[in-house]
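1. Quick one, fold the following:
(2 chains)
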Amino acid sequence: MAGKKLLLGNHALAEGALEAGIGFASGYPGTPSTEIIEYLAGQNVEGLHVEWSVNEKVALETAVGASYSGVRSLCAMKHVGLNVALDPLMTLAYTGVKAGLVIIVCDDPGMFSSQNGQDTRHLVRAAKIMCLEPKDGQQAKEMVVEAFELSEKLGIPVVVKSLTRLSHTTSPVVLGERKKPAAGTFKKDSASFVMIPQNARPRREILFEKQADILKACEESGFNKLTAIDEAKNNSRRGIIACGTSINLAQEHAKDVPLLECGTWPIPQKNVEEFVKGLDEVVLLEEGDPIVEEEVRVFHKNVLGKLTGHLPLYGELNPECLEVLFEINVPEVREFNHELLAPRPPVFCPGCPHRGTFYVLKKLGAEANMGDIGCYALGVQKPFEVLDTCLCMGAGIGQAAGASHVGVKKSLALIGDSTFLHSGITGLLNSAYNGADITIVIFDNGNIAMTGHQPTPLTGIRANGVKGKPANLSEICRACGAETVLEYDPRKLGETDSTLKKVLQENGVKVVIAKAPCTRIPDFKAGPTHYVDQQACVKCGKCLELGCPAIVKDDAGRITIDEVLCVGCTLCAQACSTGAIKTMGRAGNAVNTKTSLEGGK
Amino acid sequence: MNFNIIVCGVGGQGVVSSSNVVALAAFKQGLDVMKYETRGMAQQGGTVVSHVRIGDDVKTPIIREGCADLLIAFEPLEAIRYLNLLNVEGKLLASTHPIKVLGYPKLGDLYGELESHGAELVDASILAKKAGGFIMQNTVMLGAASRHIPLDEKNILEAIRETFAKQVGVNLKAFEIGKNRK
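-> Residues are numbered from 1 along each chain as shown, chains lettered A, B, ... in the order given. Okay, here's the model as predicted:
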């Protein structure tokens, strides 16, 4: 593998783990972290176990088991995933690790694909551990290797914090040799690992004692370094302290200002103190919250950054932000007619199996449709506007139950298969136990769609493609106490409508499983392309209510179907009031799929 | 000197693969390169944009407003969406084939606006069908834009071979058709 390669940031992070000789890797898919585990699973390294865990908490606990057994372990997740894994993490800091344990957490400060923009460093600080924050792909790889060394040297889990703009940037990376994974053996050490209070109290003391070593490791780290500049040019006596990707922003747009690269949390206090001495002003560049900025304020009275209003408190840093602080060329921007800019928000794909359920749910008009995290959250948009909430993984079931307990009639939870397995099972169990009156719709589309079609336990297929035993969704739901468990095909509007109406009349906890495959999985089979018979079309617009990107209205008001996008799901033909939507039959004859579908019942 | 390229289109059109080709070709040529694109939420149907920066010293991946030297759009409305990124002297190529959404502007207005910015409008969907299918539109556009990309053609062709390992022939044909269009 050695040599220089063009790599995605997430792949560079994964390569670092391979060079460190990991024998275990786990994670749960979540943008922007997904490609780390995907890449590792695709490498088929002998002696390396890679898994998609069911959620981040289990992922971390499994990694802990491997680390306690003396094997270097990696765990990868997005920022909100760390909330799920926080319970084991907070006490793992007490127990410490045996072999190195590194958690890669990918933040999303621009909130491109996340429900919040939280900063992982708060949790690192709360756990009293340390993190490294790379500036680019090359450093991403190097920091993961170093993180394993530090984890073993300090006896703590170490976090490597990435973010969207690094994880999803492709750049050249120099690779080294991969190290062979070790085999695990578990040595008993109950004083360290069994956190009953009499053991946990001394372990807490040890964690506090480690803080000085952690700080020392940060101060000695090569990732905190000073970029010397020609002093003659720096007549303003100004300096920059920058973290992670902000380092490159500073180097590109303020290269004549002295720069202290800060790649660690905690900050290297000695280095900072030395650097700010004699400066009139310190500019602080960091993505996320002004955490380093708060720390640096202890060492200098004139720190310019997010707390002083010089930089935005939230969102991503970009060259435009720096215009306030530095003289940056402002490029001329083209003027154009902004009225042309029709928005193109993400939509359900043509043939998406979620479409039928939302089409029917809109007509049913239930009082509360509590949503969840996944593609189906798009059901909040036009033309459906069905989804009423979206909080965190699995929250919809609890929300629906809560609403039902205080008198809300017809309270639904809408949740995807993988999200249900991640955090919905406990919600279902709780709802049944406490006598909620709710209907849970589980979208079983055979994959984790939004993050790029990873397999779920319901398929039995593991991260490396090996087929294990598939979990049985209906049995899980029944075992948790669901009184009714029905399955329907959301590609059939009649069946969808009758199934949902039936369960909504029943009392108690009901589960309906909308079972139909995502159109983006490899073995999806498209049906024949549809077209609109213009002579039969009365332009009623019923097909447009499906919000299918393949169905378009042209400048003259004609409704047509884009043959390239259509996958032949037949929903539009089913919704059509006049049978004007047809497909070409085998002999090239027009076939009305609405009548043929009804005939097939 | 760096050269900044925006590749944009609609999810499913191959924006990511095409920008991979450009980045890989630059890498093969021994240049510094950084490439960033939207991943995750952008499924089929959403807007997708890829930033490709190549040159002798590339530090950050994002092309700021008014700083792209070349904009390659696989869809005409998407060309308008990222027009603010193109510098005033930059080159603009756009496919004429619309993928419509609610409130899609009149095609005449769209083409007019693009032409007023000096766009080369490419009938990429028609050319793609000649190459082997509508799906080849992205490589047709890459071929059409290739004379504006400051990279050796042999590196671009090599990058196409590596990126589309399973469909090398049709992609090379699509590239040629795009490059040699009238």
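2. Could you check the pLDDT of B:Gly40?
-> The score at B:Gly40 is 66. That number is its pLDDT.
3. again with A:Gly568
-> 95.
4. residues touching residue 157, list them.
-> Assuming you mean chain A. By CB atoms under 8 Å, 6 or more residues apart in numbering or on different chains, the residues touching A:Pro157 are A:Leu89, A:Leu92, A:Ala93, A:Val97, A:Leu101, A:Val102, A:Ile103, A:Ile129, A:Ser151. Bear in mind the C-beta positions are built from the backbone N, C-alpha and C, glycine included.
5. Wait, chain B was what I had in mind.
-> B:Leu172, B:Phe175 are the contacts of B:Leu157 under CB under 8 Å, 6+ apart.
6. Quick one: low-confidence residue ranges for chain A.
-> A:1, A:228-236, A:585-601 (pLDDT under 70).
7. cutoff 50 now
-> Applying pLDDT under 50 to chain A flags the ranges A:598-601.
8. Please go through it and pick out the longest helix.
-> helix A:197-220 (DSSP state H).
9. now chain B
-> helix B:15-28.
10. Show me what it is packed up against.
-> For helix B:15-28, the packing partners by 3 or more CB pairs under 8 Å, 6 or more residues apart in numbering or on different chains; DSSP states H and E come out as strand A:3-8, strand A:169-175, strand B:2-10, strand B:32-37, strand B:47-55, helix B:137-145, helix B:153-163.
11. Just say which of those is most tucked in.
-> helix B:137-145 (a mean of 28; mean count of other CB atoms under 10 Å in any protein chain shown).
12. Name the residue of the stretch 51-200 of chain A that lies nearest to chain B.
-> A:Ser113 (3.7 Å; CB to the nearest CB).
13. didn't that residue look like it was pressed against A:Pro29?
-> No - A:Ser113 is beyond contact range of A:Pro29, at 11.3 Å (criterion: CB atoms under 8 Å).
14. Neighbour count: the two, which is higher?
-> A:Pro29 (28 against 21; other CB atoms under 10 Å in any protein chain shown).
15. Low-confidence ranges, chain B, go.
-> Ranges of chain B meeting pLDDT under 50: none found.
16. which residues touch A:Lys553?
-> Counting by CB under 8 Å, 6+ apart, A:Lys553 has contacts A:Leu544, A:Ile559, A:Thr560, B:Lys100.
17. That one pairs with what?
-> A:Ile559 (DSSP bridges).
18. just to revisit the earlier point, between the helices and strands packed on helix B:15-28, which one is nearest to A:Thr227?
-> Of all the helices and strands packed on helix B:15-28, the one in closest proximity to A:Thr227, counting by CB to CB, is strand B:32-37 (18.1 Å).
19. Show me what that closest one is packed against.
-> So strand B:32-37, by 3+ CB pairs under 8 Å, 6+ apart, packs with strand A:169-175, helix B:15-28, strand B:47-55.
20. What separation is there between the most centrally placed residue in chain A and chain B?
-> Central residue of chain A (CA atoms, centre = their mean): A:Gly30, 2.3 Å from the mean position. Between A:Gly30 and chain B the computed distance is 9 Å (CB to the nearest CB, to the nearest Å).
21. again with A:Ile559
-> 11 Å.
22. cool, A:Gly365 as well?
-> 22 Å.
23. Tell me, how many residues neighbour that residue?
-> Residues near A:Gly365, counting by other CB under 10 Å: 9.
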